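A.B. asks: Sequence and predicted structure, then a few things I'm wondering about:
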Amino acid sequence: MGGDGKVFTLAEVSQHSSTQDCWIVIDGKVYDVTKFLDDHPGGDEVILTSTGKDATDDFEDVGHSSTAKAMLDEYYVGDIDSATVPAKTKFTPPPKQTESNQNKSSDFVIKILQFLVPLLILGLALGIRSYTKTPSS
Ligand code: HEM
């Protein structure tokens with residue numbers, strides 16, 4: 001809406017990161033929010049820190065109202081070339097789930113050994129001592 005369907009690279013978008021000229025990327029779309037900076041209820045500072053990157057998470061994390069989301073359309077200038085945006089790292093799946101269950105039994109064995117081995121050594125030492133020591137001294 002309003003845009004001409006132009007596709008920008010992240011490097012291009014990154015050149016618009018000031019109060020005089022400010023673009024942000026949300027959900028694969030590029031918005032020129034220069035005119036909106038002064039009107040933003042959250043201040044211009046937060047928007048400026050979200051320039052030059054995929055600002056989708058920043059925008060979503062605030063919990064913007066549907067009114068706020070609808071306002072985006074007005075500032076749309078094109079799309080982002082997604083190949084130029086670093087992959088998201090936010091939802092790294094916890095890879096340990098099945099592994100930790102399998103490890104539980106071996107963890108348990110190790111704990112037992114950690115407890116038993118010193119006892120064995122101590123017992124061995126005491127046994128050897130009482131075995132080698134002469135009854136008189
Ligand atoms: C074009 C993009 C944006 C628009 C149209 C927009 C719009 C709005 C609107 C209308 C509000 C008032 C509350 C609401 O209706 O949800 C708001 C609040 C807020 N926005 Fe944005 N916003 C944009 C981008 C951002 C970005 C990138 C950030 C930051 C990381 C941000 C941070 C905030 C914060 C922190 C508030 C809360 C202010 C407060 O409650 O004092 N906004 N925004």
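C.D. replies: It's in. Numbering: from 1, shown residues only.

A.B. asks: Please list the residues of this structure that sit near the ligand.
C.D. replies: Contact residues, the chain versus the ligand (C-beta under 6 Å from any ligand atom): 24, 31, 33, 36, 40-42, 46-47, 50, 55, 58-59, 62, 64-65, 67-68, 71-72, 75. Just so you know, the C-beta spots here come from the backbone N, C-alpha and C atoms, and that holds for glycine as well.

A.B. asks: which of those residues count as buried?
C.D. replies: For the residues of the chain next to the ligand, a burial check counting by 16 or more other C-beta atoms under 10 Å picks out I24, Y31, V33, F36, I47, S50, A55, F59, H64, M71, L72, Y75.

A.B. asks: The fourth one belongs to a helix?
C.D. replies: Going back to what we said before, that points to F36. Yes: using DSSP: H, G, I helix; E, B strand; the rest coil, the assignment for F36 is a helix.

A.B. asks: Let me see the contact set for it.
C.D. replies: I47, M71, E74, Y75 (C-beta atoms under 8 Å, 6 or more residues apart in numbering).
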